[in-house]
Every structure is written in C-alpha cells, then in structure tokens.
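Colleague: need a structure here:
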Amino acid sequence: MFPSSGRPTRNAGREAAGMKGDMRAGPAAREGPEHSRATPTVRPSPVELLLQVGSSLRAALIVDSDGRIVWMDPVLAGAAGWQSSPPFGRSAEEVLGGLPWLQHALDEALTGTDGLCEDGGQDQRLSAVVVPVFGEDGTQLGACARLRKSGLRPQALCPGAAEERRAQGHLETAERQALAEQGRLLAAEREAREQLEESFAVLDALLNHAPVALGFIGRDLRCLRINDALAALHGRSREEEIGKTVREMTPQLAPIVEPLMRRVLDEGTPIIGLDMTGEDSATPGEQRHWNVSYYPVRSSSGTILGLGAVVSEVTEEYRAQAERDRLLREAQEAIRVRDDFLSIAAHELKTPLTPLKLHLQMLKGQADAGHAVAPRHVDKALAQLARLSVLVNDLLDTSRIQAGKLELTTEPLPLREFIREVLADFRGTNSLHSLRFEAPDEPLVIRGDRARLAQVLGNLVENAFKYSPTGGTVRVTARRMGTEACVSVKDEGIGIPKEEQAHLFERFFRARNAPISGFGGLGLGLYICRDIIERHGGRIWVESGVEQGSTFHFALPCL
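Modeller: Next up is the predicted model:
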C-alpha cells in the first residue's frame, strides 16, 4: 500500500469508465488451468472464478463510508456468488468473504489510503486498485476498487525489468486516479439520484396531501402524475389513472376538456379559474360543478412538456348558492305577498266600514230629528257588519291554522241534506245569479264539522257568484266517486290562468286577472278551505281556463 496520489481529474474518470457491465463470469466463459482441474462437487474459489473470465477482465465495486456495497459490477457480483440478485446494501465483509485481502484493502481505503494489492496462484494473479472516494466538498463518501487479472510478475534481473517496473508504476498510478474519479462520479451520481428521489418523494407528499386535485398531463393528453384528490373525482385510485388518456379518465367531459388542454399546449397560455359543469363517470346522471385551471409546464429551454391541471369541485357551493337564491326568491315573494295583502286588507276592511258609517249617521240623524228609524238603513248596516265579520274571521282562522289550533267537531252528515241547507241561505240573498243543485237519490253520508264544511261550501259558492257575469248560472253537484263523496261548484266566470292554478290555495294569493276594484277579498278563503278539507282527510282541486269558467271540487271519505 502507498499514500494517496491526490484527487484525480474529471477526464481521467471518463477515460477509465469504459468498462462494460455486461461481461459474464463462470466456468464456460474461458477455459484455463483452474477450470480444467475443477470438479462438479467442488465450488471454485472467488479468485479462480475471476481468473476464468480472461485476461481482459475489469471488475469494480463501490462501498459507502460504512463499508456497505452501493454498486458492484455484474462480473464481480457473479464471482462472489451473487448471481441471482445484486448485493446492494450488504456489508463488503459479507459479500467478499472469499477475498479477505480485498476486504482488507477496502478497510484501508476507508481510512483515506489508496494502493495496489494482489493475490493469486503461481502463474496468474489478481490485482486490485483500491482508492478512497471523496465528494466535491472533500468529504469521504466511501471507497472504490477495480480488479484485473495479470500474468507473471516481472523478474528483477531480466533485461529491461527496471524500465518495465517504472512504466507499470506510472500505469497503475494513472489507473488509480481514473478509478478514484470514476468512483467519485458514480458516488455523486448515486447521491444525485437519491436527492432526486427525495425531491420526488417530497413532491409526491405535497401532491397527495394538497387540498385541491392536481395532475400533470403529457402532450399526448395522457396522465403522467396525479394525486389522490383528482383520481377520487373520477372514482378511481392514482394507480388506475396513471397512463390513461383524458378521454379514458372522463369520457363525458372529454369533448369539453380536450380542446381546452390542446389550446394550452399549442399556445402556451394558461386557462385560470374556469367554471365547468357536467356529468362524470363516477356519478352518472348527477350534475356536478368544478373550477379548473390549466397551465403549461416548460423545460429549462422553454419547451412545453405538458400541462398542469388544478381542479376544485364546487358542486356543494353551487348547491348552497342555488339554495340561497331560492330562499331569496321566496323571501322576495313573501315580501311582495305581504305588501299586496296589506294593500288588499286595507281596502277590504275599509270597504264595509264606509257604508256602515254612512248608514249609522243616517240612523242617528233620523233619531235626533225624532223620526222613525228606517229599517233599510239597519239592514244595510248589519250586512256591512257581517261582511266585516267575515274578513276578521278569515284573519283569525289563518292565525289558528298557522298555530295548528284550528279545531274540528265532527259528526255524521247526510251530504245531500247538508248542501241544501247551506244553499238555502244564498237563494234568499242573491237575485243576480241562478243557483242549481244536483245530487243522486242514493244516500251520501260523511263525517265532518258542520260549521267548517258550511264555511267551505259557502266560500266556493260566494266566489262563483263573485266571478260570474250577471245572470250567470252557478251549478252545485254531489256524487259518489269510489269511496269518496265529491262536491263540485261550477261557475261561468273569468276563469283562472293555468300557470296560477298551482298557487291558488296558498295564503294571500290572488290571481293576476282578478283586479281588486272588481273582486274583493283578502286571498285567504281558498287557503282556509284547503286546510279544513285536508283536516277532514279529503282533498280539494280546481279545473279552469281563462274565460271558460271554473269548477272547484272537494272530496271527502264516505261512511
């Protein structure tokens, strides 16, 4: 062994790096004296196996600072008995158990000393150049050894022996320098590879734990990298997505996504914050929403390598916004209805009060003058009070319905007789319209609250009179319909637009074609009727067309 000759040059490492890794060792590679003497039952020694490779043998290995193999030429690995798998990560002592002299040389090199060591038979020998490997900062990274097979050693007394030894020494010195440089380069390459792997590991960690979906798409629109969040949007794992095209990953969205991605790759201009709506293979039939950004990924030379995709699913945000918009529309509609109601209520409450006040003033004047009170003024005043009472009762009933306190007192009611009683009150007070009633002779008996059902029927008949032209006919019919008794009130009035019929039984609703000046009311009557009928276990509906009249039906269970 002799002291290190210093750090070699980079060119020397390149010149010495010509050793090929595809050389093969073994008894069949070369025939020599050792091979001819081997028997099938005796395993050749590592030295013998190396000698069998031939005179051109160049074998090398690198160990780290802990003496563990980080790289090994396949020839040397095979000779050391590791043909099936590389011994990377194992200690040199374990791997080189049959070459103690080489292990000793490596131990020396790990202390910073380089040199030449030899071992072998009488006529042929193995020699190894062993050198320490240093990094750019001077830190020792490990050691490197290169083995070769040599012939007879030159004899000292032979002619030219001195010159040959000097030439051999120069050659070995150059070889040590080249080997040290190659070892340093290999170690640096390994260190760079490890740093790159660590960088990729950090990148993968950031990629996979990012709160948004990320992916890298190649120029052929094939997925090269993807995180769990983006893969989950498609209902698959990362492993299933790698290598797939965009069309394979999301066929439903491909017609939208592919042109956008090609534009980014062709123009090199990013697309930022694009809102996208559609269906995905993970949830077919469901409308989903995403916010996407595509940006070109360039090499250091500016070449576009592919594009990065950043995707955030905003379906829940869209749904929440849609719900907020719905609530806002409902609130605005409620405000509109309230304002309309206040306007209507003020008008409706004032309407009976004005004539009531007028008739009371006339009665007072007659009484003050000592004249007899005119009965007609009393009757008209009472009629206005009754109208006012109806309005107030509707408001009270609405309040009870909202509070769930509208109570029913039910009893068996013969429907035909009950309807005749209610209609009798209208025949005596209305001379402008004709009122007809039809019912079968068969008995129709229901269970209901007499007063509340009279309120329902009375409201429907009064509305029919209100919206029918003078001289028109209002028809009331009763009939059995399966297990139900159905009552219908048909008029010849202005009718109700189709688009408004679904809202007709809502609180405070008034059809647009029913002006306040011609047709009074608070818009509560039908709302109260629906609640009463539904509390009886029945149902109420309307059939109507503009200028075609209306028919209101309600059905109740028969006893």
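Colleague: tell me who's in contact with the closest residue to residue 276 other than its chain neighbours.
Modeller: Distance criterion CB to CB, 6 or more residues apart in numbering; nearest residue to residue 276, sequence neighbours excluded, is residue 290 at 4.8 Å. In short, each C-beta sits where N, CA and C put it, glycine included. Taking CB atoms under 8 Å, 6 or more residues apart in numbering, we find residue 290 in contact with 233, 275-277, 311-315.
Colleague: tell me the one of those nearest residue 194?
Modeller: Proximity to residue 194 was ranked across the contacts of residue 290 by CB to CB; first place goes to residue 311, at 32.3 Å.
Colleague: if we can go back for a sec, return the subset of the contacts of residue 290 lying in helices.
Modeller: In this view, these that belong to helices under DSSP state H are 233, 315.
Colleague: any idea which of the contacts of residue 290 is least confident?
Modeller: Sorting these by pLDDT puts residue 233 at the bottom of the list (85).
Colleague: still on that earlier bit, mind listing the residues bridging to the residue nearest to residue 276?
Modeller: When assigned by DSSP bridges, residue 290 has beta-bridge partners residue 276, residue 313.
Colleague: moving C-terminal of the helix or strand containing residue 127, what's the next helix or strand?
Modeller: Assigning secondary structure by DSSP states H and E places residue 127 in strand 125-134. The helix or strand immediately downstream of strand 125-134 is strand 140-150, counting by DSSP H and E.
Colleague: list the buried residues of that following strand.
Modeller: If you call a residue buried by 16 or more other CB atoms under 10 Å, then strand 140-150 has these buried ones: 140-149.
Colleague: these into CSV, with extra columns for distance to residue 107 and pLDDT?
Modeller: As requested, the buried residues of strand 140-150 are exported to CSV (distance: CB to CB, whole Å; pLDDT from 0 to 100):
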residue, distance to residue 107, pLDDT
140, 13, 83
141, 16, 81
142, 12, 84
143, 9, 85
144, 14, 84
145, 11, 84
146, 17, 80
147, 16, 76
148, 21, 71
149, 23, 66
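Colleague: nearest to residue 302 among the residues you listed?
Modeller: Proximity of the buried residues of strand 140-150 to residue 302 (CB to CB) peaks at residue 141, which lies at 35.4 Å.
Colleague: relative to residue 374, how far out is that closest one?
Modeller: Relative to residue 374, residue 141 is positioned 125 Å away (CB to CB, to the nearest Å).
Colleague: got it, and residue 111?
Modeller: From residue 111 over to residue 374 the distance is 136 Å, taken as CB to CB.
Colleague: show me which of these two is the more surrounded one.
Modeller: Using other CB atoms under 10 Å, the more surrounded residue of residue 111 and residue 374 is residue 374, with 13 against 9.
Colleague: show me what contacts that one?
Modeller: The neighbours of residue 374, taking CB under 8 Å, 6+ apart as the test, are 362-363, 366.
Colleague: so which of the residues you listed are in strands?
Modeller: Nothing among the contacts of residue 374 maps onto strands, per DSSP state E.
Colleague: buried ones among these?
Modeller: Buried among the contacts of residue 374 by 16+ other CB under 10 Å: residue 362.
Colleague: as JSON lines, the contacts of residue 374 with pLDDT would be great.
Modeller: Below are these laid out as JSON lines (pLDDT from 0 to 100):
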{"residue": "362", "pLDDT": "83"}
{"residue": "363", "pLDDT": "83"}
{"residue": "366", "pLDDT": "81"}
